[in-house]
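Trainee: quick one, what's the 3D model for this:
(2 chains)
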Amino acid sequence: MMNRSDHDLSCEEALGILEPYLDGELPAAEATRLRGHLERCAACAAELELAGKIQRELRSLPQLDCPPEVLERVRGSGRGEVVPFPSRRFRTGIRIAAAAAALALAVGGGALFLHIQQASDRPSPEEVAQATRQARLALAYVGKVTRRAGLDVRDDVLVKRLVAPATESVSRSLDGRRSEKEF
Amino acid sequence: MRKPTILTAVLLFLVVSSGLAQGLEDQPGYLPLEKLDLFPRDKLSVEVNLEGAILRMVAEATRGDDPEFASVMAGLKAIYVRVFPLSGADAGAVKTKIDRAVRMLEDRGWHSTVKVREGGEETYIYLKEADGKIAGLTLLSLEPGDEAVAINIVGRIDPAQLGRLGRHFDIPQLEKVPAHGKKPE
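Mentor: Okay, the predicted model is just below:
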């Protein structure tokens, strides 16, 4: 018959005694067996580390006094049941579901964000009318500057000077009234 | 496992968002006028920033009564205008900045189409090509005693058509536009 101390803990058993182990409530023999398991099982060791971290962070929170009436209600509704740690399979399922939910949220959220942004960017008729005036003003400045630079002699000059030599550098005034210069 | 999952979700969100909302900065004809730091923004007499959807809506709104203007607008992705009054301003300092901007344009592959210098006035028109088509126009102009103008037009451009259309519009008539026309949002 196998000595109880020689019996290897399963992961489920190990996880079930992590909390009392952290609280220092586990008998020495059980603690030794758990440590043996943790040395061989990285996943359970990681769970222990996580649980320890959570416990430390919880303990670092400021202690607040619970109002007596709340305590009384808790005591009154308590049934004395011990809720065991959920199984690894159950927690894995929760993690997969959480991951799927997070990914769905990311994709859906991104699409929703862009949709809302585009909808909120939709200009009103007044804004379109103002934009039309601004666009015409922009073109008016193009017209003014090109006219001032002597580029409005004829449309065919514009075509010749602005379209045909798009890849060339033309460094001279196009207005006969002005001197031609290279620079 | 939890942290990588959250990280992956956040990264996916950013990729989805940024991928669908690609910026104008990627357009070959785009020129960041603000980075040129040509004029102090609070002294501009005209500032126009029109981008994306609003230009398409302008095209739709004007298709009936001004089809040529509408067709120009339909091909554009952005229009930026900065007009800086030079009365009382240091035109020499502005000229230095425009010269620097010209060098930057040439360094970035913009093709000089027109350079005019006469009696202190300067006009530069640069075009940017992409895939054999004009994808951007930048106009820089300095007229001492009057104003300095910087214009960047991004999109499918026919410069001759722009100039021809522009001469039909009267600036005083259009001055009803707020001096600092912000990008409609």
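Trainee: quick one: the helices in the chain?
Mentor: No chain specified, so I'll use chain A. Taking DSSP state H as the criterion, chain A carries its helices at A:11-16, A:18-22, A:28-40, A:42-60, A:68-77, A:88-121, A:125-148, A:155-158.
Trainee: my bad, the chain I had in mind was chain B
Mentor: Going by DSSP H, chain B shows helices at B:2-20, B:33-36, B:53-62, B:67-74, B:91-107, B:159-166, B:171-174.
Trainee: in the third one, what's buried?
Mentor: Applying a neighbour-count criterion of 16 or more other C-beta atoms under 10 Å in any protein chain shown, the buried positions in helix B:53-62 are B:54, B:55, B:57, B:58, B:59, B:61, B:62. Backbone N, C-alpha and C define where each C-beta goes, glycine included.
Trainee: leaving aside the residues adjacent along the chain, what's closest to the residue of chain A found nearest chain B?
Mentor: Chain A approaches chain B most closely through residue A:143 (2.6 Å), counting by C-beta to the nearest C-beta. Using C-beta to C-beta, 6 or more residues apart in numbering or on different chains and skipping the chain neighbours, the partner closest in space to residue A:143 is residue B:166 (2.6 Å).
Trainee: low-confidence ranges, chain A, go.
Mentor: Within chain A, the set of residues satisfying pLDDT under 70 comprises A:1-7, A:69-70, A:73, A:76-92, A:107, A:110-111, A:114-121, A:150-183.
Trainee: how about a cut-off of 90?
Mentor: Residues of chain A that meet the criterion pLDDT under 90 lie in A:1-20, A:22-27, A:29-30, A:33, A:37, A:39-127, A:130, A:136-183.
Trainee: ok, now chain B?
Mentor: For chain B (pLDDT under 90), the answer is B:1-26, B:32-43, B:52-53, B:86-94, B:112-121, B:131-133, B:144-146, B:157-185.
Trainee: ok, now which ones touch the residue in it that chain A sits nearest to?
Mentor: Closest contact between chain B and chain A, by C-beta to the nearest C-beta, is at residue B:166 (2.6 Å). Contacts for residue B:166 (C-beta atoms under 8 Å, 6 or more residues apart in numbering or on different chains) come out as A:139, A:140, A:141, A:142, A:143, A:144, A:146.
Trainee: ok, the fifth one to residue B:24 distance?
Mentor: Okay, so that is residue A:143. 24 Å (C-beta to C-beta, to the nearest Å).
Trainee: and residue B:111, by the same measure?
Mentor: 20 Å.
Trainee: of the two, who's got more company?
Mentor: Remark: of residue B:111 and residue B:24, residue B:111 carries more neighbours, 18 against 15, as counted by other C-beta atoms under 10 Å in any protein chain shown.
Trainee: list the beta-bridge partners for the more buried one.
Mentor: Here residue B:111 sits in beta bridges with residue B:127, going by DSSP bridges.
Trainee: nearest to residue B:96 among the helices of chain A would be which one?
Mentor: Proximity to residue B:96 (C-beta to C-beta) singles out helix A:125-148 among the helices of chain A, at 19.6 Å.
Trainee: and the closest one with helix B:53-62, angle?
Mentor: 90 degrees (axes from the mean of the first three to the mean of the last three C-alpha atoms, to 10 degrees).
Trainee: pull out the buried positions in helix A:125-148.
Mentor: For helix A:125-148, a neighbour-count test (16+ other C-beta under 10 Å) marks A:127-128, A:130-146, A:148 as buried.
Trainee: quick one, what contacts the residue nearest the centre of chain B?
Mentor: With distances taken as C-alpha atoms, centre = their mean, the residue of chain B nearest its centroid is residue B:152 (2.4 Å). Each residue near residue B:152 by C-beta under 8 Å, 6+ apart is listed here: B:29, B:30, B:31, B:33, B:78, B:79, B:80, B:136, B:137, B:138, B:139.
Trainee: count of neighbours near the first one?
Mentor: By that I understand residue B:29. Residues near residue B:29, counting by other C-beta under 10 Å: 26.
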